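Participant: Sequence isn't available, so here's the structure alone:
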């Protein structure tokens, strides 16, 4: 479904991603783990078209998207829930969800909104509320709900567990599994390697801009190198 | 330091309401221009210095349209014409459309290539564009003598008069009585005058009649003055009323657009966060273009109304002082905040009016800057803005 | 650098100033005046560069400090010069000091808001400050009172909207250029010291410099005070050179002209500011002297040529990933190609009667060229012609020997 072939991304003179290649198959959950500054967010930004790769190619459903504008990539079905949630704090919860469905002009938006509410009952209670007043967990749910509003084919999640209490983290990962079960392909980037590998079909380890390991999620969970570096020994 | 008790400056509370009416009319124009500053700032975080020049070009567009519609000095000399509301509407639309186009061109060719540069570089570009339009425009547009839109293009001249308080019936009765007395004494004196040999050498009877006439005249004048002082009226210039009405309509449209439409939501999203907005599939370039269209069209509307209904002569520096004031209004209301811009514009216009009323027009232009500096020092977020101090 | 070199530099600088004075005496009064004004603009540009380029505080009201210096000292000279009995140059030095002090006090007042405001907000405050100063002068004399009740004092008559004239003439060209040299020296030496690094760090990242223990507040206010002091001293020299000054001499566009000089020269480069000041000052004079008006066709051809050059250069910058030398060659080629196109178009367009008959006076094009160059520089080289580079002997050697040293370093 998504095929990234040896992309190189720079911030000025800083080489942020070096020859990164990866693949995401239809219906999979793929995790990318790595520490701070490894280039995880840069990778997702590049996939979403917010950052350009200087060399290499990105193919989505057999179409090259490495030169496509960010807004057109969304219409193709790649939707990202960015790091730090980035909800529109000056707007209401319902407006945030409506913005998620910005590219859609069909009549199903209302129905999908109902579905998101069912998935996240807490959002329903706060539908008219200003999104800035939500708690961290609720904001994360809103961010995911907002991404779901445009019926993604591929959902990119950047650090969905960042700054959340452990019980909420469990809830979020359960939701990711649910979404995947409904047929959405998910690419999740995480520092919380344990959980991310646990739910992933396949996973990659990103270190200082390079992919250093790739295997199934379960295999990586037991990989001694990964254990030492990311799972606390 | 000399402490010296001076009489309180000549403030006349009777003229205040009239001044305020005029002030609110000016405030409407400030508001229309301030909206452009605030919207562009909201989305691009850029003080669009060239906005004032867009305003200036809007005024020129209105002028040329008026000429085209047969209200140029030459054609008015040749034949007398009656204008209609349709002419005003055509001028308004022409100004709005041309301004929108100019705004989009400026954004596309001067600001968009700079988007990835530091903000100061874009600001310098904006200053450059502003100067280029001021001085470059002077090469091509008629500037000397400064042309102005002929007031005859406006079919709604004059003013509505509202009587605030009426003189008492007693005074009016007195006036009637005194008028009659004056007429009588006048007639008597005129008759006597015919009998006299010379106007300058009156007989004692003539002198007595003349004194009686002068007495009656003095009493009448006194009562007339009293009536004038107790009866107050407010003149509402019809042009200004149209301005206010049109501004209100435009603002309601804008409010609806921003709050309840898909594009409006996208605009708010883009002004919050460019990257996240594009992750929603919003084309940021398109939204920026829309912002420039709306902001510039509003400036065009303001320019047409100012040039037509207030009628100051045009030069290519027409927008400079107004532009700075509208920007102050935007900052005062909280830059990036749409209702704030309108509020700020009204507060500024009223403050200016009060200054003019209390102390003459000497300090009129200074008050805007004093307010600006005070706001930035004590409430940098503006009246309605967040109190967050800006980080670059 | 040892003391010997330093002493030689100082002597050379002073000698240079007297040389300018001697040379200019050979010319007529109007050329002398131009040389004087050029020196003043060098001072203004370099001092604004200290605020804008080096410390990164975006000020667009520099003419206000120039104005404060000019009006303060003009007024003082009219009042007191006769009674003081001092020789002209000594009095002028005293006045430069007075102008500098007044302007730097004003700089303090403007610098204080810059503690809270950043970027474009500060720009607007400085612009507003400039306008307030101008309005105060235009409205003088007036009573300062508490709502018309308590009269504190009467603000002196500075000529209002008309000129403040009959300022005693003290024309010392060497002093004008000495001020420029001193201004350059002060800025340069400031940058060579640890203090200078603090200024630069404030420009680069305020929060980080705060964390490094830099007193950001003090640095900003100092920059404003030094920068405006030089502008004030320049104002003093202007007042005594011109003997009559108007509020419109210091209008907003003067601030913009000074800003253009700094931006064009390269924000942060003293060399750039000084050279841009001289070039941009000389340019309009050349235009004014050229009595022949520019025809519409020529004007249009030049505009098209410039646009073509900008588009081509931007294309090379963005799309062409060749070596540096090839890119430079590309830039030259695009400028040359555009020049040829413009030259050809000049003849073609002037053949059209309508364009040939429409003529522009050179002097009216002055601000258009300023504004145009401001935009062009921003589009193709936002860091300015010199960027942050400075003239130095090592740099000159490097250029002349076509960098054998850097190659040695590279290998």
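Facilitator: Alright, I've got the coordinates. Here the structure is a predicted model, which is why all the values come from computation and not from measurement.
Participant: give me every residue that touches the residue nearest the centre of chain C.
Facilitator: Centroid check for chain C by CA atoms, centre = their mean gives residue C:45 as the closest residue, at 2.2 Å. Applying CB atoms under 8 Å, 6 or more residues apart in numbering or on different chains to residue C:45 gives the contacts C:258, C:261-262, C:265, C:273-274, C:276-277. Every residue, glycine included, has its C-beta placed from N, CA and C.
Participant: Check what pLDDT it gets.
Facilitator: Looking at residue C:45, its pLDDT stands at 94.
Participant: Also the one 4 residues further on?
Facilitator: In this prediction, residue C:49 carries a pLDDT score of 91.
Participant: cool, residue B:7 as well?
Facilitator: pLDDT, residue B:7: 43.
Participant: Just want the most central residue of chain A.
Facilitator: residue A:157 (1.4 Å).
Participant: Tell me what the residue nearest to that one when sequence neighbours are not counted is bridged to.
Facilitator: Nearest non-adjacent residue to residue A:157, counting by CB to CB, 6 or more residues apart in numbering or on different chains: residue A:188, 4.4 Å away. Beta-bridge pairing of residue A:188 under DSSP bridges involves residue A:31, residue A:157.
Participant: Thought residue A:196 was touching residue A:188, still the case?
Facilitator: Yes. Counting by CB atoms under 8 Å, residue A:188 does reach residue A:196; the two are 5.9 Å apart.
Participant: Need the residues touching each of the two.
Facilitator: residue A:31.
Participant: average pLDDT for whichever strand or helix holds residue B:220?
Facilitator: Per DSSP states H and E: residue B:220 is located in helix B:204-230. What helix B:204-230 shows for mean pLDDT is 83.
Participant: Which strands or helices does the helix or strand that comes right after that helix pack on?
Facilitator: Once the chain leaves helix B:204-230, the next helix or strand it forms, by DSSP H and E, is strand B:232-237. Packed against strand B:232-237 by the contact rule (3 or more CB pairs under 8 Å, 6 or more residues apart in numbering or on different chains; DSSP states H and E) you find helix B:16-44, strand B:159-165.
Participant: hmm, try it at 6 Å
Facilitator: Using 3 or more CB pairs under 6 Å, 6 or more residues apart in numbering or on different chains; DSSP states H and E, the elements in contact with strand B:232-237 are strand B:159-165.
Participant: Only the buried residues of the next helix or strand after the strand it packs on, if you could.
Facilitator: Reading on from strand B:159-165 to the C-terminus, the next helix or strand found by DSSP H and E is helix B:169-195. Using 16 or more other CB atoms under 10 Å in any protein chain shown as the test for burial, helix B:169-195 gives B:171, B:174-175, B:178, B:181-182, B:185, B:189, B:192.
Participant: Distance from the chain centre to helix B:169-195, please.
Facilitator: Taking CA atoms, centre = their mean, to the nearest Å, the mean C-alpha location of helix B:169-195 is offset from the chain mean by 46 Å.
Participant: Nearest to chain C within chain A, name that residue for me.
Facilitator: residue A:54 (8.7 Å; CB to the nearest CB).
Participant: Chain B: which of the contacts of residue C:45 is nearest?
Facilitator: For those, the nearest to chain B is residue C:262 (9.7 Å; CB to the nearest CB).
Participant: Doesn't the closest one belong to a helix?
Facilitator: Yes. Assessed with DSSP: H, G, I helix; E, B strand; the rest coil, residue C:262 lies in a helix.
Participant: and it, how far is that from residue B:115?
Facilitator: According to CB to CB, to the nearest Å, residue C:262 stands 23 Å off from residue B:115.
Participant: Neighbour count: the two, which is higher?
Facilitator: residue C:262 (29 against 13; other CB atoms under 10 Å in any protein chain shown).
Participant: who's in contact with the more buried one?
Facilitator: Shown in contact with residue C:262 (CB atoms under 6 Å, 6 or more residues apart in numbering or on different chains): C:45, C:48-49, C:52-53, C:273.
Participant: 8 Å - rerun?
Facilitator: C:45, C:48-49, C:52-53, C:273, C:276, C:384 are the contacts of residue C:262 under CB under 8 Å, 6+ apart.
Participant: And those, which of them are buried?
Facilitator: C:45, C:48-49, C:52-53, C:273, C:276, C:384.
Participant: Adding distance to residue B:233 and secondary structure, write the residues you listed out as TSV.
Facilitator: Converted to TSV, these look like this (distance: CB to CB, whole Å; DSSP: H, G, I helix; E, B strand; the rest coil):
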residue	distance to residue B:233	secondary structure
C:45	58	helix
C:48	54	helix
C:49	59	helix
C:52	55	helix
C:53	59	helix
C:273	61	helix
C:276	60	helix
C:384	61	coil
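Participant: and which of these is nearest to chain A?
Facilitator: Using CB to the nearest CB, the buried ones among the contacts of residue C:262 come closest to chain A at residue C:384, 19.0 Å.
Participant: With adjacent residues omitted, what lies nearest to the closest one?
Facilitator: residue C:266 (3.0 Å).
Participant: That's all I had, so thanks and see you.
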